[in-house]
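*Asks:* Structure for this input, please:
(4 chains)
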There are 2 protein chains.
Amino acid sequence: MNYKKQLEEYFKEVDIRCVLGLSIDCVIFGFYDNQLKVLLLRWKQTEEWGLPGGFIYKNESVDVAAQRILEERTGIKELFLQQFHTFGEDVRYNRQEISQKLSWPDTSSRQWPDRTVSIGYFALVDFSKVTPTADFLTDECRWWDVEKLPSLLFDHNHIVAVALRTLRVQLSWQPVGYNLLPEKFTMPELQRLYETILNRPLDPRNFSKKMRALGIIERLEEQRKGGAFKSPYLFRFNKEKYEKALQEGNLAFS
Amino acid sequence: MNYKKQLEEYFKEVDIRCVLGLSIDCVIFGFYDNQLKVLLLRWKQTEEWGLPGGFIYKNESVDVAAQRILEERTGIKELFLQQFHTFGEDVRYNRQEISQKLSWPDTSSRQWPDRTVSIGYFALVDFSKVTPTADFLTDECRWWDVEKLPSLLFDHNHIVAVALRTLRVQLSWQPVGYNLLPEKFTMPELQRLYETILNRPLDPRNFSKKMRALGIIERLEEQRKGGAFKSPYLFRFNKEKYEKALQEGNLAFS
DNA sequence: TAGTGTATATGTAAGGAATACATAAAGCTT
DNA sequence: AAGCTTTATGTATTCCTTACATATACACTA
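*Replies:* Here you go, the predicted structure:
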């Protein structure tokens, strides 16, 4: 089986070039159709889905490795990427089960230790800018509704849950949500995003007031046409003002 | 040199029993004399100070390892302990310099990789309950004022800085500060603690109002006598109410 | 072109929280 | 008894949060 050979090669390479016993897992959030999405990969010749992840080169910073892995496995570059938790439970998942599901080659000869500690990163990306592309380990790469994830490989369901919790907390602290929208967006779009992440409805009048009061978005003259209704104004996120407000610490949203 | 032998033994043991390339560093905060303190260890036969740290057994959860290390190296048990960041820069510190400073034996024969990734935990402890005790690697264990730390080994100054930043943010989210005080405390003591952590003065009338409004402390009839002034009332933290308020999410402090 | 359906844009009043600010009281010392 | 020190406490103002309803613009259809 060709793929199995490839896997063997890959593991051999990893054992030589990478830090042993450590991995990185990335939870990539996107927003589309009023749904918060997560990018998942389907492993070759299986129906098994998991998070994009990978390993750290011996002389590579972990942050840089996270960026690289993301790019290698999904083609996504330059985004909001943040470490959120390190998963170090002694038994994170059933190793045998995983080995079986993914038809991994016999790993008894590997130097890899019994237990892998994984550093979790989450990314926020503009859905429209991503072309999900599978890599050499996987057959398929696509967005999944975060509320309707399948049962994932490893402890990836747990990792997604922790990432989501972190995202919710962060959203109240600083408007990280902007990273999930295209450059220009309407107020209702922004509101849907917040509603989706926080998982509760918000009042449009109050929401608009609060968002504009933060002083980090600007309304453009432009409007978005196309719907059978009043055209909404477009807004743009102002990064300079954001940085300034961030330093002054007045960006809380409740 | 006896100590050097001991070190060699220790490293050998670590290589066998522990996860390679990973370590844990603990930033232990205490509060005394209106100062935020950090517990540091002085390495044997040196004037070099560093954070208590250690390694993870191969089949041990990282959280459990952090607790164990804390207890082994400082005698502290049962406390507020939380993972806050994983430090994975490719060059965290000058290894040669450290080796020299600590007179470490030649490590070229070790299996240990070139780079160590460290998982940072911070702990909040009741100052009065801790008896700093040095362990077999160190000559001295004592509290240092967080504002007046010496230059520490490894990247420990950086780790403390990140821990402190995390503590400040957390304090606005949930009243973690209580872990730093003895069971019974006065309102002014609590205020000093907050002032110290947040590094700014607070108004006593507003502070008292806000704290009592959170509904998670109760005033006792008891008062603390002893000063040449009006006796302050004692308060007690109510853990049940705290848990309840935590779930309902109304514990923000700004 | 008039009518219909749909999502958008917007203001005001009320309640609650945060801030600013100053003085009287209690305990110990001398 | 006077003096020093630290604690305890209330009110007015401002700001933020919440609750709540209607007119408007656009597209589509008849």
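
*Asks:* quick check: angle from the helix or strand hosting residue A:26 to strand B:22-32?
*Replies:* Taking DSSP states H and E as the criterion, residue A:26 maps to strand A:22-32. Here the directions of strand A:22-32 and strand B:22-32 differ by 80 degrees (axes from the mean of the first three to the mean of the last three Cα atoms, to 10 degrees).

*Asks:* Neighbouring strands - and their directions - for whatever helix or strand comes next after strand A:22-32?
*Replies:* From strand A:22-32 onward toward the C-terminus, using DSSP H and E, the following helix or strand is strand A:35-43. Using DSSP bridges, strand A:35-43 pairs in its sheet with strand A:22-32 (antiparallel), strand A:49-50 (antiparallel), strand A:138-145 (antiparallel).

*Asks:* mind checking which of the ones you listed is nearest residue B:183?
*Replies:* Nearest to residue B:183 among the strands paired with strand A:35-43 is strand A:22-32 (40.1 Å), distances taken as Cβ to Cβ. In this view, the C-beta of every residue, glycine as well, is placed from N, C-alpha and C.

*Asks:* What residues sit buried inside the closest one?
*Replies:* A:22, A:23, A:24, A:25, A:26, A:27, A:28, A:29, A:30, A:31 (16 or more other Cβ atoms under 10 Å in any protein chain shown).

*Asks:* Throw those into a markdown table and include pLDDT, thanks.
*Replies:* Converted to a markdown table, the buried residues of strand A:22-32 look like this (pLDDT from 0 to 100):
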| residue | pLDDT |
| --- | --- |
| A:22 | 98 |
| A:23 | 98 |
| A:24 | 98 |
| A:25 | 98 |
| A:26 | 97 |
| A:27 | 98 |
| A:28 | 96 |
| A:29 | 97 |
| A:30 | 97 |
| A:31 | 97 |
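
*Asks:* which residues in chain A form helices?
*Replies:* With DSSP state H as the criterion, chain A has helices at A:2-17, A:62-74, A:95-101, A:156-173, A:187-198, A:204-213, A:239-248.

*Asks:* Least reliable of those helices by average pLDDT, please.
*Replies:* Per-stretch mean pLDDT for the helices of chain A is lowest at helix A:239-248 (a mean of 85).

*Asks:* on that earlier part again, report the angle between the strand holding residue A:26 and helix A:187-198.
*Replies:* Going by the same axes, to 10 degrees, strand A:22-32 makes 140 degrees with helix A:187-198.

*Asks:* now could you export just the CA positions of strand A:22-32 as CSV?
*Replies:* Output of strand A:22-32 as CSV, limited to C-alpha atoms (Å, rounded to 0.1, in the frame of the first residue of the first chain):
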residue,chain,number,x,y,z
LEU,A,22,5.3,17.1,21.5
SER,A,23,2.7,18.1,18.9
ILE,A,24,0.6,21.1,17.9
ASP,A,25,-3.1,21.0,17.2
CYS,A,26,-4.9,23.9,15.5
VAL,A,27,-8.5,24.9,15.9
ILE,A,28,-9.3,27.1,12.9
PHE,A,29,-12.5,29.1,13.3
GLY,A,30,-14.3,30.6,10.4
PHE,A,31,-17.7,32.2,10.1
TYR,A,32,-20.2,31.6,7.3
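
*Asks:* got the angle between it and helix A:156-173?
*Replies:* Relative orientation of strand A:22-32 versus helix A:156-173 (the same axes, to 10 degrees): 60 degrees.

*Asks:* For the stretch 101-250 of chain A, give the residue positioned nearest to chain B.
*Replies:* Distance from chain B to each residue of the stretch 101-250 of chain A (Cβ to the nearest Cβ) is smallest for residue A:119, at 5.4 Å.

*Asks:* just checking, that residue touches residue A:26?
*Replies:* No - when contacts are counted by Cβ atoms under 8 Å, residue A:119 is not listed as touching residue A:26 (9.8 Å).

*Asks:* Spit out the residues that contact the two alike.
*Replies:* residue A:66 (Cβ atoms under 8 Å, 6 or more residues apart in numbering or on different chains).

*Asks:* residues contacting the closest residue to DNA strand C within the stretch 1-150 of chain A?
*Replies:* Of all residues in the stretch 1-150 of chain A, residue A:34 sits closest to DNA strand C, at 10.4 Å by Cβ to the nearest atom of the strand. With contact set as Cβ under 8 Å, 6+ apart, residue A:34 has these partners: A:192, A:196.

*Asks:* excluding its backbone neighbours, what's nearest the residue most central in space within chain A?
*Replies:* Nearest to the geometric centre of chain A sits residue A:28, at 1.3 Å (Cα atoms, centre = their mean). Leaving aside its chain neighbours, residue A:28 sits nearest to residue A:39 (4.1 Å; criterion: Cβ to Cβ, 6 or more residues apart in numbering or on different chains).

*Asks:* just residue A:18 next, same as before
*Replies:* residue A:55 (3.9 Å).

*Asks:* and chain A, what are its domains?
*Replies:* Residue ranges for the domains of chain A, per automatic domain parsing: A:2-171, A:175-248.

*Asks:* which stretch among these comes nearest DNA strand D?
*Replies:* Of the domains of chain A, nearest to DNA strand D by Cβ to the nearest atom of the strand is domain A:175-248, at 3.4 Å.

*Asks:* gap between the two ends of that closest one?
*Replies:* End-to-end distance for domain A:175-248, by Cα to Cα, to the nearest Å: 14 Å.

*Asks:* Please verify my assumption that residue A:189 contacts residue A:177.
*Replies:* No - the pair residue A:189 and residue A:177 fails to qualify as a contact (Cβ under 8 Å) at a distance of 10.5 Å.

*Asks:* Between those two, which has more neighbouring residues?
*Replies:* residue A:177 (22 against 18; other Cβ atoms under 10 Å in any protein chain shown).

*Asks:* Need the per-residue pLDDT for that one.
*Replies:* 89.

*Asks:* For it, which non-adjacent residue is spatially closest?
*Replies:* Nearest to residue A:177 is residue A:193, by Cβ to Cβ, 6+ apart, at 5.3 Å.

*Asks:* Count the neighbours of that neighbour for me.
*Replies:* Residue A:193 has 19 nearby residues by other Cβ under 10 Å.

*Asks:* can I assume it is in contact with residue A:179?
*Replies:* No - with contacts counted by Cβ under 8 Å, residue A:193 stays clear of residue A:179, the gap being 10.3 Å.

*Asks:* Could you show which parts of chain A are in contact with chain B?
*Replies:* Counting by Cβ under 8 Å from any Cβ of the partner chain, chain A comes close to chain B at A:19-22, A:56, A:58-65, A:83, A:85-86, A:88-90, A:113-115, A:117, A:119, A:169, A:173, A:252, A:254.
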